[in-house]
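A.B. asks: what's the 3D shape of this:
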Amino acid sequence: LTSTTLGALTTSQAAALSTSQAAGLSAAAMNALATGSTTNLDKLTTSDIAALSTATLNGLTSTALGALTTSQVAVLTTSQAAALTSATVAASTTTNLDKLTTSDIAALSTATLNGLTSTALGALTTSQVAVLTTSQAAGLSAAAMNALAAGSTTNLDKLTTSDIAALSTATLNGLTSTALGALTTSQVAVLTTSQAAALTSATVGKFTSTNLDVLTTSDIAVLSTATLNGLTSTTLGALTTSQAAALSTSQAAGLSAAAMNALATGSTTNLDKLTTSDIAVLSTATLNGLTSTALGALTTSQVAVLTTSQAVGLSGTALNSLAAGSTTSLQVLTTTDISVLTTATLNGLNSRSLGGLTTAQISALSTSQVAGLSGAAVNALAIGSTTNLGVLTTAKIDAISTATIKGLTTATISALTTSQQAHLTTSQLGALSATQSAALSTTAVAAMSSAQVGVLLGIGS
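C.D. replies: Presented below is the predicted three-dimensional model:
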């Protein structure tokens, strides 16, 4: 029959069509019935609808599909639903979509789901979303997930934890902040290590602080250094102490100073949780880039494991920050660490830092290090303890430059042992002012050679 003829059928005649006749109707015939009167399709029984071929259903126009009643849509079989194209599903009214049974939804292909418009996906009910299978979820695109959230953020809540664990990393990284923010803590908690390992810093940054807290320590341990260093200070600061403690040595080795500072900004106790192995692999660039807050937050145990290669690259500013946290932080640097510090670093230390060094550490200073010390640095060593300078060998004292000698206070000169004073070279003695030479002990002067005494007498005359 022509579309004109079919369109001329009355609603009573359309209602009289048998199930076997309906089963054989083409899409063109169905469309013609709807064109004649959309109420003609209303009269097809639910048995007639259930008998329609998938080819007929997918060939229906939006007018014909829109004319189907909710009762008719509700009787579509899972076989029919499984064969529906995204264009067909999208052409249905939102009210009709609501009537697709959960079995029908579970039978839709991922190609169909991903092909649906954001309007169609947003129209799905929470009950329908809840029945999506793991295999369907695994094939969902980021666009589809975002559309589900756009329809209702509670739709994402209904995805099972198995569904979430099946999402591809491409889908996860393509989610909007709205979609990621809509995930529940239970859903975030089931992300696999494979999923976590592929997360970008942009994706992790979109999680709410509550969701970040539930990322497992295993998930944290597989985040790439690029991801960690790309996180904002707010995100890094939101990590829990347990999560910070889970960072691996390889992750720590790649952390930037900005990332470390952000960890400390969130909670100074976060840095406490980095293992000594983590600290031992930090680059000198990272260590020197740490703020005084971050360096001051390091524990003595952490400072004690700094390697010689790390120590040699430390700046005076960095060491001063360690001492600002606690003078005992500097005191746990090994004598080997102290012996590799550059003179620029040593001279950059403030009186608190230098005065806080132990006699063992001062004794570890090499002759070349002592030779490069400024007057202010030597004075600071004496301020810490008058016995500090006493541990320097006479050879090291002899290496002190005349420029440095001129900058020594009388208190520092007095802090030198009798043996050290008596061993000062004629050049050093010649650099002393009358006030400085007066600080030498009579015992030391008595032990000096005639050449030394002659220089002193020349100064005094």
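
A.B. asks: which helix or strand contains the most centrally placed residue in the chain?
C.D. replies: In the chain, the centroid-proximal residue (Cα atoms, centre = their mean) is Leu228; its distance is 3.4 Å. Secondary structure here is read from DSSP states H and E; on that basis Leu228 sits in helix 225-230.

A.B. asks: quick check: mean pLDDT of that helix?
C.D. replies: The average pLDDT within helix 225-230 is 89.

A.B. asks: then stretch 55-71?
C.D. replies: For stretch 55-71, mean pLDDT rounds to 70.

A.B. asks: I'd like the distance from that stretch to the chain centre, please.
C.D. replies: Put simply, stretch 55-71 sits 50 Å off its chain's centre (Cα atoms, centre = their mean, to the nearest Å).

A.B. asks: what about it, start to end distance?
C.D. replies: Using Cα to Cα, to the nearest Å, one end of stretch 55-71 lies 21 Å from the other.

A.B. asks: again, but for stretch 439-456
C.D. replies: Between the opening and closing residues of stretch 439-456 lies a distance of 12 Å (Cα to Cα).

A.B. asks: so which bits of stretch 170-186 are buried?
C.D. replies: Of all the residues in stretch 170-186, those buried under the rule 16 or more other Cβ atoms under 10 Å are Thr171, Leu172, Asn173, Gly174, Leu175, Ala179, Leu180, Gly181, Ala182, Leu183, Thr184. For glycine as for every other residue, the C-beta is placed from the backbone atoms N, C-alpha and C.

A.B. asks: contacting residues around that stretch?
C.D. replies: Among residues not part of stretch 170-186, those counted as contacts by Cβ atoms under 8 Å, 6 or more residues apart in numbering are 140-143, 145-146, 148-150, 153-154, 156-157, 161, 164, 191, 195, 198-200, 202-203, 206-208, 210-211, 213-214.

A.B. asks: what pLDDT does Ala91 get?
C.D. replies: Reported pLDDT at Ala91 in the predicted model: 56.

A.B. asks: let me see the contact set for Met134.
C.D. replies: Wrong residue type there; residue 134 is Thr, not Met. Thr134 is in contact with Thr160, Ser162, Asp163, Ala166, counting by Cβ under 8 Å, 6+ apart.

A.B. asks: which residue comes closest to the third one once chain neighbours are left out?
C.D. replies: So the one you mean is Asp163. Excluding the flanking residues, the one nearest Asp163 by Cβ to Cβ, 6 or more residues apart in numbering is Ala137, at 3.6 Å.

A.B. asks: same thing with the second one?
C.D. replies: Taking Cβ to Cβ, 6+ apart, and ignoring the residues beside it in sequence, Ser162 has Thr134 as its nearest neighbour in space, at 4.9 Å.

A.B. asks: again with the last one
C.D. replies: Closest residue to Ala166 apart from its sequence neighbours, by Cβ to Cβ, 6+ apart: Ala138 at 3.9 Å.

A.B. asks: correct me, but that neighbour touches Leu167?
C.D. replies: Yes. Applying Cβ atoms under 8 Å as the test, Ala138 and Leu167 come out as touching, 6.9 Å apart.

A.B. asks: quick revisit: can you mark which positions in whatever helix or strand the residue nearest to Asp163 lives in are buried?
C.D. replies: Ala137 is part of helix 134-138, with elements assigned from DSSP H and E. Along helix 134-138, these residues count as buried under the neighbour rule (16+ other Cβ under 10 Å): Thr134, Gln136, Ala137.

A.B. asks: so which of these would you say is closest to Leu113?
C.D. replies: Nearest to Leu113 out of these is Gln136 (Cβ to Cβ; 6.3 Å).

A.B. asks: for that closest one, which residues are in contact?
C.D. replies: Taking Cβ under 8 Å, 6+ apart as the criterion, Gln136 is in contact with Ala106, Leu108, Thr110, Leu113, Asp163.

A.B. asks: roughly how far apart are it and Asn379?
C.D. replies: 76 Å (Cβ to Cβ, to the nearest Å).

A.B. asks: give me the low-pLDDT residue ranges for the stretch 101-250 of the chain?
C.D. replies: Screening the stretch 101-250 of the chain residue by residue with the criterion pLDDT under 70, one finds the ranges 151-154.

A.B. asks: what helix or strand is Ala55 located in?
C.D. replies: Applying DSSP H and E as the criterion places Ala55 in helix 54-58.

A.B. asks: packing partners of that helix?
C.D. replies: Taking 3 or more Cβ pairs under 8 Å, 6 or more residues apart in numbering; DSSP states H and E as contact, the helices and strands that helix 54-58 lies on are helix 27-36, helix 78-83, helix 86-91.

A.B. asks: the residue nearest to Asp163 contacts Ser168, doesn't it?
C.D. replies: No. Counting by Cβ under 8 Å, Ala137 does not reach Ser168; the two are 9.6 Å apart.

A.B. asks: show me which of the contacts of Thr134 are buried.
C.D. replies: Neighbour counting with 16+ other Cβ under 10 Å marks Thr160, Asp163, Ala166 as buried within the contacts of Thr134.

A.B. asks: now render these as TSV, adding secondary structure and distance to Gln428.
C.D. replies: As requested, the buried ones among the contacts of Thr134 are exported to TSV (DSSP: H, G, I helix; E, B strand; the rest coil; distance: Cβ to Cβ, whole Å):
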residue	secondary structure	distance to Gln428
Thr160	coil	82
Asp163	helix	80
Ala166	helix	78
